[in-house]
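K.L.:
Show me how the following folds:
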Amino acid sequence: MMNALSDIEARINARMDELNQRLGSDGPQRSVSVTGRDFDATETIRSVSGIASVRGGGRRIGICVGLPKVNPAAYGGSEQPCPGCDLDATDFAKVLEAAGFKTTLLLEQRATKQGVLSAMQSAANSLKEGDLLVMSVAGHGFRGNIDGKMHETWCLWDGMLLDDDIVSAVKKFVSGVRIVMINDQCHSGGIFTESTRRLGGWLRGMFGRDVESPMLIQFAACRAEESSIGYPIGGTWMTALMKILAVKRDISWRAWFDEASSHPSLTKRQQPQWVEMGPVSDAFRCANVLT
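P.N.:
This is a model prediction of the structure:
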């Protein structure tokens, strides 16, 4: 474990100067989603390593998805590179593991539509009221008209996972489960908005009432119409989130989002979005991160 953490620290420290030079520049839009961070990952992990001994008795599960590339055959022959998204996923997975989470890491070929949905279903089968799922997804995002409807998607290894399918997977969790979804893709702010209203209306029509659902908070990298900014050595949204967590263990979900959203690593062209689905409580919003 310590060798792995040292490797992370050495890799990130080697890229700090370059990332700092690039932050604040116009840079590429994050149709390429990448990672790399101007902080000490080992300190981030140390800052949360004591959580497991003080957290409540509920079960904690983490799912971290990273796609530095996709299968060209699924995208019309385009390779769609996203260099560094594997680092987003692996570094955050180690943070979750240090906090006592049972964590699944899905990279490249493992991050298929079925692979991601299966990991979510497995978590849904395991978690009960009061338990916590933290899921991060770093990769491409798409927004466009599909089958006559506007959709936002996760671009996974073997094709796009539609927002409706993502919401359907979330609704399989029982009422009272807490979910935090951290998305670093273009258009990610739309994943749980229009699709939720569309699917929610269909469910009400079928059952004649609102269907009970888990509590979900999304940390979206940008608005539905915006791009997430990234560089070959750093994704700015994950950079901001991890930097805040490196120095503040005792911080609530709401405060973590707010402080990361105002971090100087983000430009005005990228406006992170706090999105809620289900009966999110103040107790959830104000709970300490990862506890």
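K.L.:
so W237 sits right up against E226, yeah?
P.N.:
No - between W237 and E226 there is no contact under Cβ atoms under 8 Å: 11.3 Å. From N, CA and C alone the C-beta is placed, and that goes for glycine too.
K.L.:
give me the element S122 is part of.
P.N.:
Assigned by DSSP states H and E, S122 falls within helix 113-126.
K.L.:
how about that helix as PDB, C-alpha atoms only?
P.N.:
What follows is helix 113-126 as a C-alpha-only set of coordinates in PDB (Å, rounded to 0.1, in the frame of the first residue of the first chain):
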ATOM      1  CA  LYS A 113     -22.000  -0.400 -20.300                       C
ATOM      2  CA  GLN A 114     -22.700  -3.800 -18.700                       C
ATOM      3  CA  GLY A 115     -19.700  -3.600 -16.400                       C
ATOM      4  CA  VAL A 116     -20.700  -0.200 -15.000                       C
ATOM      5  CA  LEU A 117     -24.400  -1.200 -14.700                       C
ATOM      6  CA  SER A 118     -23.400  -4.500 -13.100                       C
ATOM      7  CA  ALA A 119     -21.300  -2.700 -10.500                       C
ATOM      8  CA  MET A 120     -24.200  -0.400  -9.700                       C
ATOM      9  CA  GLN A 121     -26.600  -3.300  -9.500                       C
ATOM     10  CA  SER A 122     -24.200  -5.200  -7.100                       C
ATOM     11  CA  ALA A 123     -24.100  -2.100  -4.900                       C
ATOM     12  CA  ALA A 124     -27.900  -1.800  -5.000                       C
ATOM     13  CA  ASN A 125     -28.200  -5.400  -3.900                       C
ATOM     14  CA  SER A 126     -25.900  -4.700  -0.900                       C
END
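K.L.:
Who are the packing partners of it?
P.N.:
The contact analysis (3 or more Cβ pairs under 8 Å, 6 or more residues apart in numbering; DSSP states H and E) places helix 113-126 against strand 60-66, strand 102-107, strand 132-138, strand 149-156, strand 159-162, helix 163-170.
K.L.:
Include mean pLDDT and distance to M215 when you put those into CSV, please.
P.N.:
Shown next, in CSV, are the helices and strands packed on helix 113-126 (pLDDT from 0 to 100; distance: least, Cβ to Cβ, whole Å):
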stretch, mean pLDDT, distance to M215
strand 60-66, 97, 15
strand 102-107, 97, 20
strand 132-138, 97, 10
strand 149-156, 92, 21
strand 159-162, 95, 22
helix 163-170, 94, 10
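K.L.:
quick one, helices of the protein?
P.N.:
2-22, 41-48, 51-54, 85-98, 113-126, 163-170, 194-207, 236-247, 253-261, 282-286 (DSSP state H).
K.L.:
Where among those is average confidence lowest?
P.N.:
Of all the helices of the chain, mean pLDDT reaches its minimum on helix 51-54 (a mean of 42).
K.L.:
picking that back up, can you add mean neighbour count and distance to S78 and give the helices and strands packed on helix 113-126 back as JSON lines?
P.N.:
Formatted as JSON lines, the helices and strands packed on helix 113-126 follow (neighbours: other Cβ atoms under 10 Å; distance: least, Cβ to Cβ, whole Å):
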{"stretch": "strand 60-66", "mean neighbour count": "25", "distance to S78": "19"}
{"stretch": "strand 102-107", "mean neighbour count": "19", "distance to S78": "19"}
{"stretch": "strand 132-138", "mean neighbour count": "26", "distance to S78": "19"}
{"stretch": "strand 149-156", "mean neighbour count": "22", "distance to S78": "10"}
{"stretch": "strand 159-162", "mean neighbour count": "20", "distance to S78": "13"}
{"stretch": "helix 163-170", "mean neighbour count": "21", "distance to S78": "21"}
